[in-house]
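Novice: need a structure here:
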Amino acid sequence: MQDTQKWPIPEYEEGDEPHFLFIITLPYSGSTALVKILDTSYRAMLLKGRGEGQWLIPGLCEKDRWDSKKEINYPSVKAVWLKQFQKSKELTKNVDIVLEKSPPNMMRIKELASQFKSYSFLANNRDPYACCASRLYRKYSLSNMNEDERFLALHKSAEQWLERSQKVQDLVKELNIPMIAYEEFCQDPSSILPKLNSLPEGFINTINFDAEVQVKNYPPQKIINQNARQIANLNDEELELLTEVFSEKKELLAFFGYRIRV
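Specialist: From the prediction side, this is the model:
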């Protein structure tokens, strides 16, 4: 019997679909800033506040959401997401693009995207040291952690960056997905324009790349590169630990334009 609590299937209007831009990204990689800028267009919308539609479907955001073998009720995902789009469209008639960037999407992106008539992809990544530093200070209560626990948390973060970045690399190569880096985006948000050619005509002209946006608990502000500030929170031993892990996959870092810190 269908578990409608985990996998709801609301009624929606068949055939009324937007274009989905699936942003394939790691957590803590600056993707929220990216979708907030894209969402300045009157033609765009987010399924959920930070652009992660996974949180609309209990079954999709369970603890095993990073398991590539997780069983997904795709009719439920399609119904919930299209229902959300159609509700927003009642209020904003011009909306025709959904920005979706739930990080675990990468584990099933081909099956997920194929549920919809029109879609495109964009891959995003961020300096691995900054990614791990951000995760440490966002995910954990550092006042309750000793040195060993911090080391373990950082080691896990580094391994996950490698594992998930490998998945992104595989998808980029297989599906010929355009790729951006957080650092380049922060330096010049409009630099992503050439990577948006697959989006519906005229959309890129409606984006305000100079907008002030709110990301996490920061006050509204223009796009700022937070890497240096966040990496500065790590001590020398922690940086050495990350370097030791990342040294195993120098080629992977180089693929995304990053290098080992010495």
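
Novice: how about the strands of the stretch 151-262 of the chain, start to end?
Specialist: Taking DSSP state E, counting those that start in this stretch as the criterion, the stretch 151-262 of the chain contains strands spanning 179-181.

Novice: list the contacts for the residue lying closest to Trp161 once chain neighbours are set aside?
Specialist: With sequence-adjacent residues excluded and distances taken as C-beta to C-beta, 6 or more residues apart in numbering, Trp161 is closest to Pro128, at 4.7 Å. C-betas here are computed from N, CA, C, even on glycine. Contacts for Pro128 were tallied using C-beta atoms under 8 Å, 6 or more residues apart in numbering; they are 158, 161-162, 165, 242, 246, 253, 258.

Novice: got the residues you listed as CSV, with distance to Met179, pLDDT and neighbour count columns?
Specialist: Compiled in CSV, the contacts of Pro128 are given as follows (distance: C-beta to C-beta, whole Å; pLDDT from 0 to 100; neighbours: other C-beta atoms under 10 Å):
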residue, distance to Met179, pLDDT, neighbour count
Ala158, 21, 97, 23
Trp161, 16, 98, 29
Leu162, 17, 98, 17
Ser165, 11, 98, 23
Leu242, 22, 97, 23
Phe246, 19, 97, 22
Leu253, 14, 97, 19
Tyr258, 12, 97, 22
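
Novice: Farthest-apart pair in those residues, please.
Specialist: Ser165 and Leu242 (13.6 Å; C-beta to C-beta).

Novice: what's around Lys37, how many residues?
Specialist: Small correction: residue 37 is Ile, not Lys. Residues within reach of Ile37, counting by other C-beta atoms under 10 Å, total 23.

Novice: Secondary structure element holding it?
Specialist: According to DSSP states H and E, Ile37 maps onto helix 31-38.

Novice: name the helices or strands packed onto the following helix or strand past that helix?
Specialist: On the C-terminal side of helix 31-38, the closest following helix or strand by DSSP H and E is strand 44-46. Counting contacts by 3 or more C-beta pairs under 8 Å, 6 or more residues apart in numbering; DSSP states H and E, strand 44-46 is packed against strand 97-100.

Novice: Sheet partners, orientation included, of the strand it packs on?
Specialist: strand 19-25 (parallel), strand 44-46 (parallel) (DSSP bridges).

Novice: distance between the longest one and the chain's centre?
Specialist: This means strand 19-25. In terms of C-alpha atoms, centre = their mean, to the nearest Å, the centre of strand 19-25 is set 8 Å apart from its chain centre.

Novice: quick one, phi/psi of the nearest residue to Ser198 once chain neighbours are set aside?
Specialist: Nearest non-adjacent residue to Ser198, counting by C-beta to C-beta, 6+ apart: Ser120, 3.9 Å away. For Ser120, the backbone dihedrals (degrees, to the nearest 10) come out as phi -150, psi 170.
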